[in-house]
Structures are given as C-alpha cells and as structure tokens.
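K.L.:
Generate a structure from the sequence data that follows.
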Amino acid sequence: MKNMATSNFKQAPRSETAEKILDLAEMLIQTRGCSAFSYKDISDVLGVRKAGIHYHFEFKTDLGVAVVDRYTEPFGKALANIAGNKSSSSMAMLIARYAEFADTPDRVCLCGALAGEIPALLLKLRDRVDRFFTTHQWWLAEIPKRAVARGEFKLSGSASKTARLVFAALQGALVVRRTTADASQMTDIISALKSQLASA
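P.N.:
Down below sits the predicted model:
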C-alpha cells in the first residue's frame, strides 16, 4: 500500500503561546464548531490578550488554516504508520483513526466539524477541508484492495465506493453520537461495517 500525507503545507516552528492557541482552537472547533467560538473565548481560557492572539493569527481564517494544517500533517503520518503495519487486520486499519474519538463524548474529526460549516468558510479553509477529505478517502480505498487480496473482505462494489461508504458512516456516527450522547452509535456502525465487509 502506498504511503500518503494529507497536506502539502509545511509548517514553520511556532512559539509556545501559538501552540497553546492552536490546541485550544482545535478543541473548540471539534466540540463547538468554528463559528461558535471567538478570540475572546481563547483569551479567557489562556489569559492571553486578544491583541496577542491577533499577533499570531491575524484573522480567524488564518487560525483555522493553521489548525487544519497542524492536524493533517500528523494525521497523514499516522495513516502511513497504519499502512506499514503488515500484521494489522484491514478492518482495524479502517477504523483506527476513529477509535480515539469514540472514547470522547463531544469531539469529532476536525475536518468533519468544519465540513458542516463549509458555506460560511473562506476559500482557503474550504480547500484544506476538501484536500483532507479527498486524500483520506483515497487512502481508505487502498484498504479494501488489501483486504480482498488477503481474503478478509468480500466487496459488493468497487474499493473507492466502499471507502466512501466507510468514510461517510464513521464521520456520520461521530456527529450523531455527539448529538445524542449515545456511544453505541459508533460501536453499532463498526459492527455493521464488519458484517457487511467480512468475507465468508
């Protein structure tokens, strides 16, 4: 399986304050959404003046872009590590990046959270989200191919269509789970995917 990275945007070293701002902004986007927090929210939590936040990230879109770029780089590396683990089952590979969210009551995938606000986002942030979705689905499509070759999956459609099904199901389960506070949303979806994909 080919390795991939989810972003071509290189990051320059940042100050400790900038990293703390990004940490909090990422959490706020994942739990509230981009439009539901302000620089005042960050200022109140970190004790940093709003002018100090603007110094690092002049506009909120700049902050959002920085958050996504920082999120996608390690995400891409994690996918490469998952792909390189020859002993892992294909199903475990499919759900690996979503398991971390399953244990949190209100956090969803960063780009999944942003996707719900696409009409309100500026183009350069939309482009980041689109790139993440496109490359992640491409990566997911490689797993069913691997699984068929190993006799793990029996597909009713193409690998790319299967990847879209898995991606939509897992992203959707995270959103519904956050809305309903029902942890079984994720476990039930994973169970259904296993039943549908498992080779007889």
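
K.L.:
low-confidence ranges in the protein?
P.N.:
Confidence mapping of the chain against pLDDT under 70 gives the ranges 1-12, 199-200.

K.L.:
Where do the helices of it begin and end?
P.N.:
In the chain, the segments counted as helices under DSSP state H are 16-31, 39-46, 50-56, 60-84, 90-102, 110-115, 123-149, 159-180, 184-197.

K.L.:
Mean neighbour count added to these, as a markdown table?
P.N.:
From N, CA and C alone the C-beta is placed, and that goes for glycine too. Formatted as a markdown table, the helices of the chain follow (neighbours: other CB atoms under 10 Å):
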| stretch | mean neighbour count |
| --- | --- |
| helix 16-31 | 18 |
| helix 39-46 | 15 |
| helix 50-56 | 15 |
| helix 60-84 | 19 |
| helix 90-102 | 17 |
| helix 110-115 | 22 |
| helix 123-149 | 18 |
| helix 159-180 | 18 |
| helix 184-197 | 16 |
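
K.L.:
center of the protein, which residue is that?
P.N.:
By CA atoms, centre = their mean, the mean C-alpha position of the chain lies nearest to residue 109, the distance being 3.8 Å.

K.L.:
Got phi/psi on that residue?
P.N.:
phi -60, psi 130 (degrees, to the nearest 10).

K.L.:
Can you give me the end-to-end span of stretch 114-131?
P.N.:
The straight-line separation of the ends of stretch 114-131 (CA to CA, to the nearest Å) is 13 Å.

K.L.:
CA atoms only for stretch 39-51, dumped as CSV, please.
P.N.:
What follows is stretch 39-51, C-alpha atoms only, in CSV (Å, rounded to 0.1, in the frame of the first residue of the first chain):
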residue,chain,number,x,y,z
TYR,A,39,-10.9,35.1,20.2
LYS,A,40,-12.4,36.2,23.5
ASP,A,41,-13.1,32.6,24.3
ILE,A,42,-9.4,31.8,23.8
SER,A,43,-8.3,34.9,25.6
ASP,A,44,-10.5,34.0,28.7
VAL,A,45,-9.1,30.4,28.9
LEU,A,46,-5.4,31.1,28.2
GLY,A,47,-5.2,34.6,29.8
VAL,A,48,-3.7,36.0,26.6
ARG,A,49,-4.9,39.4,25.4
LYS,A,50,-6.9,39.3,22.2
ALA,A,51,-4.3,41.5,20.6
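
K.L.:
follow-up on the earlier one: quick one: contacts for the residue nearest to the centre of the chain?
P.N.:
30, 98, 101, 171, 174 (CB atoms under 8 Å, 6 or more residues apart in numbering).
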